[in-house]
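> Okay, structure incoming, though there's no sequence with it:
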Ligand SMILES: Cc1cc2nc3c(=O)[nH]c(=O)nc-3n(C[C@H](O)[C@H](O)[C@H](O)COP(=O)(O)OP(=O)(O)OC[C@H]3O[C@@H](n4cnc5c(N)ncnc54)[C@H](O)[C@@H]3O)c2cc1C
């Protein structure tokens, strides 16, 4: 996959920042939220090639786009989410809606549709979900009946209903998943096709500036060349194939939405005096409401950047990595925004200070593009298989690599991340021996623990390399990586122990087998590292 050069990416990010500073002020965004309004003009400007041309980012150069890669899309998605997650969702839906064509389209389909999206700046919607088919898309009931003439399929008549479709009421082009005789397949449907009706704009908890609507299809006729890829039955595989990539975008949304709220809380803490001093000087405040959130988000960022680099290097099948990135970033973003309300006290609970809106907005990232529970399942299933196939070596080999890193960079938290990996391997083995994963809850909890262990490992590996996305130096990032590794190790050992006992495990010495004493010992230095992170956050985001 191609990626943008640094100058072009910086130019896109700068243009977006300048546009937002002028046009997308707090007042404007609050007003959209209150009026529950999709800002058509803003989307037009964002898609105008003479102004920003944001949609060009994900369209390959040969079809008139800029040919951005996963890293570029992560950076732009994070920035959009920092500005407004509702507007970001309007932009994302076009990325998402185009993906079935990107992944599964024939050359002619790609040239035609992507060329049009690039030239005309068209909004696209992605129609997969149905009223009864959400997490389980296999139960979809929308049908595409072949229309046969002279023994040849010349078109399809599509009938059914789609639910919660972003850009549903405003898009020009829709990709619709429907059952054909050969299995689920994607179709491209244009806005004004007879029989195609859009529902009312949903009145939502958050991202109220994004348009969400149901779609009703009553014998909507499309020519056979609208079947994506030209072969029936590829739909679910095509939807799966894009998950590594699209989940990374939503991960970036969680990151941006969470950081937007957290940044406000950090700045606010430097203006608010309580108990005789600024809140930013109160350790019980910073270490509860600010520091853990910044660390969790940066751990997720490290994992996002690692996954993006692998996608951009052409590696296929990174759905589990996309799931881990999304799970950690969106759960982290949601918690960061929730704590930002607390950090602003009564002011945080009002509309004016924006964190209340940010919290409502970021909440959706834990639901769309795979709920957190479905992600826990995806992660657990895949890594459980790897554990079984490798007889535990998947995690213990990673621990060995982390020990090697700890030998050259002891400040990275790699030694503690190695403890987390070994503990996870022992826990998984205990689950196997005692058949504990017959309890669905245990399997899902393992998914959560895998996400913590792998982000701890990757953060340790990448902490020394600063990211241009956030103004925190290498020493701070190293301290963050150490804290995250300790939290991950402790979580896996202590929660793993309690769930294993709760599910009836049989090792009388499991606390020691899981390495709990060593993991408690590794907590040494935790408060000092958090002190450092607190001081650096305040320096990086001063009061405005
Ligand atoms: C604002 C918004 C925008 C959206 N945009 C789009 C879009 O553009 N295109 C599109 O196709 N879809 C879109 N969606 C749909 C979204 O992807 C789905 O809502 C999501 O996949 C969950 O499906 P569901 O709502 O049917 O919940 P369900 O699948 O019914 O899940 C309900 C709850 O049960 C849990 N659950 C489900 N299955 C299991 C299981 N097997 N084990 C344990 N727990 C389980 C879930 O995690 C969740 O907590 C959007 C949704 C919203 C709210």
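Arrived safely. What you see is a predicted model; the values in this text were computed from it and never measured. Residues are numbered from 1 along each chain as shown.

> CA atoms for contacts and neighbours, from now on please.
Noted.

> of all of the stretch 301-450 of the chain, which residue lies closest to the ligand?
residue 368 (3.8 Å; C-alpha to the nearest ligand atom).

> ok, which residues in the stretch 351-500 of the chain are in contact with the ligand?
Within the stretch 351-500 of the chain, the residues that sit near the ligand (C-alpha under 6 Å from any ligand atom) are 367-374.

> Spell out for me the PyMOL command that would select the buried members of the residues you listed.
Listed next is the PyMOL selection for buried residues among these, using 16 or more other C-alpha atoms under 10 Å:
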select buried, resi 369+370+371+372+373+374
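
> Filter the residues of the stretch 351-500 of the chain next to the ligand down to just the ones in strands.
Using DSSP state E, no member of these falls within strands.

> Can you add distance to residue 254 and pLDDT and give the residues of the stretch 351-500 of the chain next to the ligand back as CSV?
Written out in CSV, the entries for these read as follows (distance: C-alpha to C-alpha, whole Å; pLDDT from 0 to 100):
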residue, distance to residue 254, pLDDT
367, 11, 98
368, 11, 96
369, 12, 94
370, 13, 95
371, 13, 98
372, 12, 98
373, 16, 98
374, 17, 98
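
> Can you pull up the residues of this structure that come close to the ligand?
Going by C-alpha under 6 Å from any ligand atom, the residues of the chain near the ligand are 93, 126-129, 133-135, 164-166, 212, 367-374.

> Recalculate using a threshold of 5 Å.
126-129, 134-135, 164-166, 368-369, 371, 373 (C-alpha under 5 Å from any ligand atom).

> all strands of the stretch 51-200 of the chain, in order?
124-127, 143-149, 152-166, 173-180, 183-190, 196-198 (DSSP state E, counting those that start in this stretch).

> got JSON lines for the ones you listed, with mean pLDDT and mean neighbour count too?
As requested, the strands of the stretch 51-200 of the chain are exported to JSON lines (pLDDT from 0 to 100; neighbours: other C-alpha atoms under 10 Å):
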{"stretch": "strand 124-127", "mean pLDDT": "97", "mean neighbour count": "28"}
{"stretch": "strand 143-149", "mean pLDDT": "98", "mean neighbour count": "18"}
{"stretch": "strand 152-166", "mean pLDDT": "98", "mean neighbour count": "21"}
{"stretch": "strand 173-180", "mean pLDDT": "98", "mean neighbour count": "25"}
{"stretch": "strand 183-190", "mean pLDDT": "98", "mean neighbour count": "24"}
{"stretch": "strand 196-198", "mean pLDDT": "98", "mean neighbour count": "19"}
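
> any chance of those strands in CSV, plus distance to residue 492?
As requested, those are exported to CSV (distance: least, C-alpha to C-alpha, whole Å):
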stretch, distance to residue 492
strand 124-127, 37
strand 143-149, 45
strand 152-166, 36
strand 173-180, 39
strand 183-190, 39
strand 196-198, 46
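
> Residue 242: which of the ones you listed is closest?
strand 124-127 (12.3 Å; C-alpha to C-alpha).

> Each with direction, which strands does that closest one pair with?
Using DSSP bridges, the strands paired with strand 124-127 in its sheet are strand 173-180 (parallel).

> how distant is the partner strand from the center of its chain?
24 Å (C-alpha atoms, centre = their mean, to the nearest Å).
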